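Undergrad: Mind looking at a prediction? Sequence and model below.
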Amino acid sequence: IKNPDIQKIRENLRLDWEQTIRERTGEVKEYNAIYNGLTFEIVNNQYLNTSGSLHKYWNSSQGGGEHNYNDFTFSDLAGGIKKLCNSFDLIPDNCLLENIEFGVNVCPQVPVKDILRSAINHKGKPFTQEYQKNKYFRECERQRYIIKIYDKGLQYKRPGNILRFENKTIKMTHIQETGVRSLA
């Protein structure tokens, strides 16, 4: 976040800060706080980084819990950004995006596990596969992004058949070409 008012952020009662201290010098290296699924990090008492899911933040701030398996409309996104900026005195133009992840939930007629088994490659590059108790997903890392496909219902133990398809940006070049550079 460009030009953050660090003192104002540190004094915000919504945030409960933890400190990382250099053992030898006793110097505070950074402060970290988590609020409604977002992580706030102050580095060298001058830089503010935030990370996390605006979808989870929005649901949590609306009393629905910290999750992202429901529909998240453009109106919800705009409301989440406005609430975040108002709650922490942030200017949307100053909240620069370093990476972005977007996805869609689909409720297919075919079982998600069958779709995942059938996902072989993305543009000729093979998907990796991971299966654990509450996680079954495939992903393919490209130069600028990662494609992820997974069983969202299994992740959150939700009834139904929910397939999640995500694009996780590694390099913002193709996103910035759309004009999206900040929360504004």
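TA: Now that the structure is in, tell me what you want to look at.
Undergrad: part of a helix, is residue 55?
TA: Yes - assessed with DSSP: H, G, I helix; E, B strand; the rest coil, residue 55 lies in a helix.
Undergrad: Now it: closest residue in space, sequence neighbours ignored.
TA: residue 68 (4.1 Å; Cβ to Cβ, 6 or more residues apart in numbering). In short, each C-beta sits where N, CA and C put it, glycine included.
Undergrad: got a list of contacts for the lowest-mean-pLDDT helix or strand in the chain?
TA: Within the chain, no helix or strand scores below helix 152-156, which has a mean of 79 by mean pLDDT, DSSP states H and E. The contact list for helix 152-156 (Cβ atoms under 8 Å, 6 or more residues apart in numbering) reads 67, 69, 105, 112, 134-136, 158-164.
Undergrad: Make JSON lines out of these and add secondary structure, neighbour count and distance to residue 143.
TA: Listed next are the contacts of helix 152-156 as JSON lines, based on DSSP: H, G, I helix; E, B strand; the rest coil; neighbours: other Cβ atoms under 10 Å; distance: Cβ to Cβ, whole Å:
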{"residue": "67", "secondary structure": "coil", "neighbour count": "16", "distance to residue 143": "31"}
{"residue": "69", "secondary structure": "coil", "neighbour count": "17", "distance to residue 143": "29"}
{"residue": "105", "secondary structure": "strand", "neighbour count": "17", "distance to residue 143": "26"}
{"residue": "112", "secondary structure": "helix", "neighbour count": "22", "distance to residue 143": "28"}
{"residue": "134", "secondary structure": "coil", "neighbour count": "9", "distance to residue 143": "30"}
{"residue": "135", "secondary structure": "strand", "neighbour count": "11", "distance to residue 143": "25"}
{"residue": "136", "secondary structure": "strand", "neighbour count": "19", "distance to residue 143": "26"}
{"residue": "158", "secondary structure": "coil", "neighbour count": "14", "distance to residue 143": "33"}
{"residue": "159", "secondary structure": "coil", "neighbour count": "6", "distance to residue 143": "38"}
{"residue": "160", "secondary structure": "coil", "neighbour count": "10", "distance to residue 143": "35"}
{"residue": "161", "secondary structure": "coil", "neighbour count": "19", "distance to residue 143": "32"}
{"residue": "162", "secondary structure": "coil", "neighbour count": "20", "distance to residue 143": "29"}
{"residue": "163", "secondary structure": "strand", "neighbour count": "20", "distance to residue 143": "25"}
{"residue": "164", "secondary structure": "strand", "neighbour count": "19", "distance to residue 143": "23"}
